[in-house]
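**Q** Pasting the sequence and the predicted coordinates here, then a few questions.
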Amino acid sequence: MLNVKTVQETLDLIQNEFQRIEETEILPLEKCMGRILFEPIVCTQNIPSFNRSSVDGYAVRARDTYGSSDSIPVELTLMEPIKMGISPTFTLKANHASAIPTGGELPSGADAVVMVEYTEELNEGSVFIQKAAAPGNDLIMKGDDLHEGQVLFQSGARLRSQDIGVLAAMGVTHVKVLKPLRMAILSTGDEIVEISATPTGSQVRDVNAHVILAEAQRMGIQARRIGIVRDDEELIYQTIQTALEDADILVLSGGSSVGLMDQSLDVLNRLGKPGVLVHGIAVKPGKPTLIARVGQKAILGLPGHPASAFTIFRVIGKALIERLSGSTFPDTIIQARLSVNIPSNHGREEYMPIKLRKESEIVIADPLFGKSGLISLLSLADGYVRIKRESEGLAKDAMVDVVLFDTVIR
């Protein structure tokens with residue numbers, strides 16, 4: 001019999017039973033996109049390292065420009081112009097100005113820049129300032145972008161393209177990152193055949209393994225399929241034992257439901273302590289889900305139906321991967337108006353697939369009612385809405401949170 005846990009009990013158990021896998025490697029910066037930091041990165045220098053202009057214009061002392069306007073400009077004498085990449089060696093004198101390009105270093109004595117649009121240069125070696133400047137005007141000050149001692153990224157942060165830019169600005173050439181999680185995906189069942197085969201009788205193609213493989217790859221995991229194993233306890237045991245030698249997490253597709261051919265529970269308990277931790281979750285779809293730990297290795301047994309397997313992997317599998325990787329994969333959530341009633345889920349937390357559409361300026365959520373074996377529902381859906389187990393359902397026109405499968409609504 002299933003020893004059913006709630007979704008929250010399952011998520012809490014994942015936090016308590018599993019730890020971050022801390023296998024690391026040091027990579028050149030150009031290979032760190034999407035990788036997870038092992039340790040925090042602290043800024044070691046001020047960026048910029050000098051006060052610089054954010055516009056083309058004239059470096060000035062702000063007090064020399066006070067009172068200037070289009071009708072009553074202030075005339076300042078020009079000193080030598082500032083060149084890009086060269087630190088000025090002079091000090092700006094009172095009632096003087098110096099032409100400065102965007103990114104040029106501010107000379108000593110200056111405390112502001114006036115945009116060239118508010119000036120008029122004269123042939124006599126002077127310039128009219130037609131707008132007063134305040135101290136700091138059109139300047140990026142030393143350390144404005146990054147300052148020494150600032151914690152830039154915490155341990156567990158997943159590096160994005162803009163983060164790579166920050167590290168490049170600091171002159172970081174190599175980064176210590178966690179090695180990607182290694183996932184093995186094993187399908188079990190006499191009825192499962194490869195997708196290249198033509199099913200006969202009650203056979204079905206191995207849809208789940210390919211869906212889970214794609215989802216794992218989207219999360220930056222080194223995932224691989226290890227094939228299909230028939231319903232033979234000893235063969236399943238040997239295959240899993242071998243797969244765990246070079247995998248951090250094993251995903252089993254099929255074999256988690258209650259039935260005569262269900263060998264998974266006994267196999268997982270034979271593999272090592274502590275064995276099976278979860279055997280059934282109060283969730284729809286996906287009740288017959290298994291979670292086990294063999295030493296520090298994680299095993300997730302998914303239901304056989306495609307929609308159930310995908311949903312459980314998106315919710316429970318994601319939580320397990322986050323725990324093992326030390327990173328997070330935040331959900332993108334938008335609010336939408338429910339188009340019809342969704343009835344009570346009778347004591348189980350439910351994840352209802354949703355198709356989104358726009359009606360005037362309102363986003364409408366259309367539930368996709370169907371059975372857990374229908375893979376077409378997943379392809380039609382833009383996301384899902386969570387219905388709490390204590391809920392009596394959701395009412396038409398209610399504003400609901402829709403967790404998007406992707407950030408783009410089709």
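**A** Sure, I can see it. Numbering: from 1, shown residues only.

**Q** drop to CA atoms for contacts and neighbour counts, all remaining ones
**A** Fine.

**Q** Centre-most residue in the protein?
**A** residue 329 (4.3 Å; C-alpha atoms, centre = their mean).

**Q** Chain neighbours aside, what residue packs nearest to it?
**A** In space, residue 329 comes closest to residue 322 once its chain neighbours are excluded; the distance is 7.1 Å by C-alpha to C-alpha, 6 or more residues apart in numbering.

**Q** isn't the one you found right up against residue 328?
**A** Yes - checked against C-alpha atoms under 8 Å, the pair residue 322 and residue 328 is within contact range at 5.3 Å.

**Q** Mind picking out the helix or strand in this protein with the poorest mean pLDDT?
**A** None of the helices or strands of the chain scores lower by mean pLDDT, DSSP states H and E than helix 375-380, at a mean of 82.

**Q** could you give the mean pLDDT of whatever helix or strand comes next after that one?
**A** As assigned by DSSP states H and E, the chain's next helix or strand after helix 375-380 is strand 383-387. Strand 383-387 shows a mean pLDDT of 94.

**Q** quick one, what contacts the closest residue to residue 392 other than its chain neighbours?
**A** Spatially, and ignoring its direct neighbours in sequence, residue 392 is nearest to residue 344 (4.5 Å; C-alpha to C-alpha, 6+ apart). Taking C-alpha atoms under 8 Å, 6 or more residues apart in numbering as the criterion, residue 344 is in contact with 391, 392, 393, 394.

**Q** Now do the same for residue 344: its pLDDT.
**A** 75.

**Q** ok, it to residue 264 distance?
**A** 31 Å (C-alpha to C-alpha, to the nearest Å).

**Q** ditto for residue 67
**A** Counting by C-alpha to C-alpha - residue 67 and residue 264 are separated by 83 Å.

**Q** Would you map the helices across the stretch 51-200 of the chain?
**A** Taking DSSP state H, counting those that start in this stretch as the criterion, the stretch 51-200 of the chain contains helices spanning 161-169.

**Q** which stretches of it aren't confidently modelled?
**A** The stretch 51-200 of the chain contains no residues with pLDDT under 70.

**Q** If we use 80, what do you get?
**A** For the stretch 51-200 of the chain, the stretches flagged by pLDDT under 80 are 123.

**Q** So for stretch 170-184, first residue to last residue, what's the gap.
**A** Start-to-end, stretch 170-184 (C-alpha to C-alpha) is 38 Å.

**Q** What lies in contact with it?
**A** Residues outside stretch 170-184 that contact it (C-alpha under 8 Å, 6+ apart): 22-29, 32, 35-39, 43-45, 47, 167, 220-226, 243-244, 246-251, 324-325.

**Q** Then stretch 208-226?
**A** 34-35, 180-187, 243, 253, 304-306, 309-310, 313, 329.

**Q** Going by neighbour count, which of these are buried?
**A** Those of the contacts of stretch 208-226 that meet the buried threshold are 34-35, 180-187, 243, 253, 304-306, 309-310, 313, by 16 or more other C-alpha atoms under 10 Å.

**Q** Check the protein for its longest strand and report it.
**A** Counting residues, the longest strand found in the chain (DSSP state E) is strand 349-359.

**Q** Which is the succeeding secondary structure element to that strand?
**A** strand 362-367.

**Q** partner strands of that next one, parallel or antiparallel?
**A** strand 333-338 (parallel), strand 349-359 (antiparallel) (DSSP bridges).

**Q** what residues go with each domain of this protein?
**A** Following automatic domain parsing, one finds the domains of the chain at 7-23+180-325, 25-43+153-178, 52-140, 333-404.

**Q** Compute the first-to-last residue distance for the longest one.
**A** Meaning domain 7-23+180-325. 21 Å.

**Q** what's the answer for stretch 366-383, then?
**A** 10 Å.

**Q** Could you do stretch 137-153 as well?
**A** End-to-end for stretch 137-153, by C-alpha to C-alpha: 30 Å.

**Q** that older thread, and of the strands paired with strand 362-367, who's closest to residue 282?
**A** Residue 282 sits nearest to strand 349-359 of all those, at 6.3 Å, using C-alpha to C-alpha.

**Q** Distance from the closest one to the middle of the chain?
**A** 22 Å (C-alpha atoms, centre = their mean, to the nearest Å).

**Q** quick check: angle from it to strand 383-387?
**A** For strand 349-359 against strand 383-387, the angle by axes from the mean of the first three to the mean of the last three C-alpha atoms, to 10 degrees is 130 degrees.
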